[in-house]
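> Show me the folded form of this:
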Amino acid sequence: MTGTRPGFAAWHRGDRLFFLSFIAMSWLGVAMGFAPQIAKRFGGTADYPATAMLEIHVWAFFAWMTILTVQALLIGARRHDLHRLLGLSLVILVPVMTVSAIAAEIHSQRFYAPRDPENARFFALPRRWPLQSAATRRRIRG
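Numbering: from 1, shown residues only. Predicted structure coming up:
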């Protein structure tokens, strides 16, 4: 198969290895990042009870990762039709993931911020940041 430029192949035999490696590393990153919290939650020692929005967040992102994995396998099986059909489900999943991520983080910050004020830096930019940025740009321009 030829690409749009001479000498550029639109497909390379290493492509499949890249996507499978990317997906495997993504699953590994999720597992390493959330294993302690998952273990606490299933062990009944979580820091705070899970809200409905947190549960929606978890299941939405799990669905995203699962769909990503299945889509890569469908391409490998040359089932482009099912790959596209499954991809349409992401149109619904993206807003669910976005809203649930923000809501889950707000709930988490409400729990942790009084105990660890430095933790709030993760979620919010200071209100003065846009003003400082504008002032800095003016100083640079002279």
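
> Name the residues of the helix or strand harbouring Q109 that come out as buried.
In this structure, Q109 sits in helix 90-112 according to DSSP states H and E. Using 16 or more other C-beta atoms under 10 Å as the test for burial, helix 90-112 gives 96-97, 100-101, 103-105, 107-108, 112. For the C-beta atoms, the positions are set from N, CA and C on the backbone; glycine is no exception.

> do stretch 14-27 as well
By 16+ other C-beta under 10 Å, the buried positions in stretch 14-27 come out as 19, 23.

> Going forward, count from 36.
Renumbered: residue one is now 36, and that last one reads stretch 49-62.

> Return the distance of it from the chain's centre.
16 Å (C-alpha atoms, centre = their mean, to the nearest Å).

> that older thread, quick one: list the elements packing against the helix holding Q144.
Where contact means 3 or more C-beta pairs under 8 Å, 6 or more residues apart in numbering; DSSP states H and E, helix 125-147 is packed against helix 87-111.

> which residues are in contact with the helix it packs on?
If you take C-beta atoms under 8 Å, 6 or more residues apart in numbering as the criterion, helix 87-111 is touched by 51, 54-55, 58, 61-62, 65, 85, 115, 117-118, 121-122, 124-125, 128, 131-132, 135-136, 138-139, 142-143.

> Please repeat the previous calculation with a cut-off of 6 Å.
54, 58, 117-118, 121, 128, 131-132, 135-136, 138-139 (C-beta atoms under 6 Å, 6 or more residues apart in numbering).

> Quick check: of the buried residues of helix 125-147, which lies closest to A74?
A74 has its nearest neighbour among those in S143, at 17.2 Å by C-beta to C-beta.

> Give me the pLDDT for G49.
pLDDT, G49: 74.

> Let me know the pLDDT of I175.
Listed pLDDT for I175 reads 56.
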